[in-house]
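A.B. asks: how does the following fold in three dimensions:
(2 chains)
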Amino acid sequence: MIWLIILGMAALVFISRYIFLEPKLPLTLSKKTHRFLSYSAPAVLTAILAPIVLIRENTLSISFDNNYLIGAVIACLLAYFTGNTLLTALVSMGIFFFIL
Amino acid sequence: MTVSTNIASANRSSKYTAMLRGALAISPLSIAVIPWGILAGSYAIEVGLSPLESQAMSAIIFAGAAQLVALGMIKAGIGILGILLTTLLITSRHFLYSMALRKDVSPRPLKWRLILGFLLTDELFAVVATDNSKRHKFDPWYALGAGLCFYLSWNFATLLGIVAGETIPNIEQLGLDFAIAATFIALIIPLIKNSSILISVLVSLVSSVVCVLLNIEAGLLISALLGMTCGTLHEKSKGDNT
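C.D. replies: Take a look at the predicted model:
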């Protein structure tokens, strides 16, 4: 039964990741759709990270007590002024874990 | 293969460089995911899976959120149908990634499509989609390097969890998810080049927080689509395409 669950899940996950990569799928994306999809990276990544930063213990936390929020603001500033992804990630993590 | 060996050897170094660049780009996320991989391994053992089954989850499914939720459901005695429906809900965001990368990946040979499709996690999409918009050019070797690096990290962490066999206490309180947030911020900020993208980000931010507070299951996908829609509408109204 466990193997059936594993294989079933693997099939679903793989299909969801692969289906639109298949050229035989009869789907031509219009210019409009491409424009829509060009927003996918910033929108999805924001939707993943915002709850991590702003929700602490199931409640909205916008205050100086929320070290995730302070760390995130520092990361925003670093990213804006350096434009260096790796540096931003590492330095803001360092500040978060050792200072905040 | 009809490619001459000369061309092949000339290309080889640039392939390795691209793969290394991908591995480096995803490295903060590969580190951030280690505790979750350990959790996936140790939790599987705790739920009663054999070591082989536990490793197979990470090796074959390769989807952290879906794995952890499924394990919780197995433990609670929920049947396979319920587990698969939940998996479909959690994995639905991958349809979006797949569609966004269709232009770049679908013209490539089957082996490329299969391997990149298999490796297409949130994290891979994050580094590939943001690299695309920087360079206006998709490099499959960069994607492969990043994807493999992340795959190895996830599976190695799972193995550690299986061997350790016990759940890390209070994993949520260690603050390790900040690493994910910090890396995503570092990837998103350079993308915000005009007001439409800014609006898309802000709408997605507010919506995702509201969805989590209201316990809306598909909040991630809803928020992403809402943000994308608002960004597109704003672009249309402004004629803003800098």
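
A.B. asks: roughly how far apart are residue B:193 and residue B:200?
C.D. replies: Relative to residue B:200, residue B:193 is positioned 12 Å away (CB to CB, to the nearest Å). (Each C-beta comes from the backbone N, C-alpha and C, glycine too.)

A.B. asks: tell me which of these two has more neighbours.
C.D. replies: residue B:200 (31 against 11; other CB atoms under 10 Å in any protein chain shown).

A.B. asks: any idea which element residue 17 lies in?
C.D. replies: This is for chain A. If you go by DSSP states H and E, residue A:17 is part of helix A:2-18.

A.B. asks: actually it's chain B I care about, not the one you picked
C.D. replies: Short version: residue B:17 belongs to helix B:5-32, going by DSSP H and E.

A.B. asks: that helix and chain A, are they touching?
C.D. replies: Yes - contact of helix B:5-32 with chain A (CB under 8 Å from any CB of the partner chain) involves B:24, B:25, B:27, B:28.

A.B. asks: tell me the confidence at residue B:135?
C.D. replies: Per-residue pLDDT puts residue B:135 at 67.

A.B. asks: list the contacts for residue B:204?
C.D. replies: A:42, A:43, A:44, A:46, A:47, A:50, B:223, B:224, B:226, B:227, B:228 (CB atoms under 8 Å, 6 or more residues apart in numbering or on different chains).

A.B. asks: among those residues, which one sits closest to residue B:52?
C.D. replies: Proximity of those to residue B:52 (CB to CB) peaks at residue A:44, which lies at 33.4 Å.

A.B. asks: can you show me the helices along the chain?
C.D. replies: Here I'm looking at chain A. For chain A, the helices defined by DSSP state H occupy A:2-18, A:31-37, A:40-54, A:67-82, A:85-98.

A.B. asks: oops, chain B please
C.D. replies: B:5-32, B:34-47, B:51-56, B:64-75, B:80-91, B:93-100, B:102-105, B:110-118, B:122-135, B:140-164, B:177-188, B:195-213, B:219-238.

A.B. asks: let me know which of the ones you listed is tucked in deepest.
C.D. replies: helix B:177-188 (a mean of 26; mean count of other CB atoms under 10 Å in any protein chain shown).

A.B. asks: list the helices and strands that helix packs on?
C.D. replies: Under the contact criterion of 3 or more CB pairs under 8 Å, 6 or more residues apart in numbering or on different chains; DSSP states H and E, helix B:177-188 touches helix A:40-54, helix A:67-82, helix A:85-98, helix B:5-32, helix B:122-135.

A.B. asks: quick one: the longest one to helix B:122-135, angle?
C.D. replies: Using axes from the mean of the first three to the mean of the last three CA atoms, to 10 degrees, one finds that helix B:5-32 and helix B:122-135 are set 120 degrees apart in direction.

A.B. asks: from what I see, residue B:27 and residue B:149 are in contact.
C.D. replies: Yes - contact criterion CB atoms under 8 Å: residue B:27 and residue B:149 qualify, at 6.9 Å.

A.B. asks: give me the nearest residue to the residue sitting nearest the centre point of chain A, chain neighbours excluded.
C.D. replies: Nearest to the mean C-alpha position of chain A, by CA atoms, centre = their mean, lies residue A:45 at 2.9 Å. Leaving aside its sequence neighbours, residue A:45 sits nearest to residue B:184 (CB to CB, 6 or more residues apart in numbering or on different chains; 4.5 Å).
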